[in-house]
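Visitor: Fold the following, please.
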Amino acid sequence: MNQKKIIISLIAVIMLIFASCSSSNSNVRKNSFELTTFNGGDDGLTFEFLAEAPPSKVRDQGLQPFQVMFSVKNNGEFDIPENRAYVSLSGIRPQDLGLTETSKVIPALNGYKKQGDNVIEGRTQQIIFSNLRYLESVRSGSIPITLYANVCYPYETKAFTLVCINGNTIPSLDEKTRICDLDSDRDYANSGAPIHIEDVSQYSAGSSSIGVRFTIVHTPTSTVSNVYQSNSIDSNCNINGNSLGSTEALLARDKIRYVVETGLPGLNCGGTGTNTETVQLINNRYTVTCEQSTAGEGEYEKPVSITLNYDYVDKINTQILVE
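Guide: Now for the predicted structure:
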């Protein structure tokens, strides 16, 4: 009797081990798709004022020269080329600081790179506005002034998923012969960026067609971060030549261009008859639906790439006491 109990206990332990391994493999499959493809994360560029640049206090009447310095780092995975990203100053009349230029170009900023188990960090650049002076006169005591800095840049998100392709979308009578599930949630992976895709799923959409659905999501890098339509920023961090607070800038805000590539003919996204569209986020989200013809295809899983393009603007500020 004791021997029988021992055998039963051993069987139970073995079953638990197998269950654990099965669960582990399932997690590895889902997570490794992302981990081996991208480093991930929600950031694009991050930037900050360097210590004492500007200083917390300055003299009036041009008596004290000072610098404004920034450290800008690419914490995402898109490489920003030369002369495409900018830092601009605002909040103070340029002439009061002796500023001849209120914006500067940011040199090339390569993003994170994942090579196997190794990660190469994104590049950091320093931007300097030098020989500034507060030229006005403070009549009595001291006054606080707030200096704002905008960083604006183009960015891109790369995302991948696997979809189930089948030329015959009618459910198979024999489940054992099925290779993949036509009606299912799909794994996906995103490159490091403030805009992602989420909630990827697919479904049968006719006898020889499937539907693929995903949601574009903006995860702001700060409370004052904004995303704009691709190719809308200029060297002064204006939007299509208009200030950030203008109606024209508001019309370009929250717009993302997506491109879906399946490598198969007959892809129709958003009812456009093409694989691309510019959409406007609502509450930082937008759901895209594509239909893919599968006529004449066999049954297999196929990689699908999704590219998101946009411009990004972020802002920081610091206070200077003028004496």
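
Visitor: so L244 sits in a strand?
Guide: No - checked against DSSP: H, G, I helix; E, B strand; the rest coil, L244 lies outside a strand; its state is coil.

Visitor: Now do the same contact list for S191.
Guide: Contacts here follow C-beta atoms under 8 Å, 6 or more residues apart in numbering; on that basis S191 touches 38-40, 76-78, 157-159. No exception for glycine: its C-beta is placed from N, CA and C like everyone else's.

Visitor: same thing but 7 Å
Guide: Contacts of S191 were listed using C-beta atoms under 7 Å, 6 or more residues apart in numbering, and they are 38, 76-78, 157-158.

Visitor: which of those has the most neighbours?
Guide: In terms of neighbour count, G76 stands highest of the contacts of S191 at 30 neighbours, by other C-beta atoms under 10 Å.

Visitor: Can you give me the buried ones in the helix or strand hosting A149?
Guide: Using DSSP states H and E, A149 sits within strand 143-166. Residues of strand 143-166 classed as buried: 145, 147, 149-166 (neighbour count, 16 or more other C-beta atoms under 10 Å).

Visitor: got it, and stretch 253-264?
Guide: 253-258, 260, 262, 264.

Visitor: and that stretch, C-alpha only, in CSV?
Guide: Provided in CSV are the C-alpha atoms of stretch 253-264 (Å, rounded to 0.1, in the frame of the first residue of the first chain):
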residue,chain,number,x,y,z
ARG,A,253,-1.5,66.9,-33.6
ASP,A,254,-2.1,63.2,-32.8
LYS,A,255,-1.7,62.1,-36.4
ILE,A,256,0.2,58.9,-37.2
ARG,A,257,1.1,57.4,-40.5
TYR,A,258,1.1,53.6,-40.6
VAL,A,259,2.3,51.1,-43.3
VAL,A,260,1.4,47.4,-43.1
GLU,A,261,3.5,45.0,-45.1
THR,A,262,2.4,41.3,-45.5
GLY,A,263,4.3,40.5,-48.7
LEU,A,264,1.0,39.3,-50.2
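
Visitor: Now do the end-to-end distance for stretch 229-247.
Guide: Using C-alpha to C-alpha, to the nearest Å, one end of stretch 229-247 lies 14 Å from the other.

Visitor: nope, stretch 59-71 is what I meant
Guide: End-to-end distance for stretch 59-71: 25 Å, by C-alpha to C-alpha.

Visitor: I figured T294 was touching G211, is that so?
Guide: No - contact criterion C-beta atoms under 7 Å: T294 and G211 do not qualify, at 10.9 Å.

Visitor: Same list (the contacts of S191) but as JSON lines, adding pLDDT and distance to E52.
Guide: JSON lines is the format used below for the contacts of S191 (pLDDT from 0 to 100; distance: C-beta to C-beta, whole Å):
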{"residue": "F38", "pLDDT": "84", "distance to E52": "37"}
{"residue": "G76", "pLDDT": "95", "distance to E52": "29"}
{"residue": "E77", "pLDDT": "95", "distance to E52": "32"}
{"residue": "F78", "pLDDT": "97", "distance to E52": "32"}
{"residue": "T157", "pLDDT": "97", "distance to E52": "36"}
{"residue": "K158", "pLDDT": "96", "distance to E52": "39"}
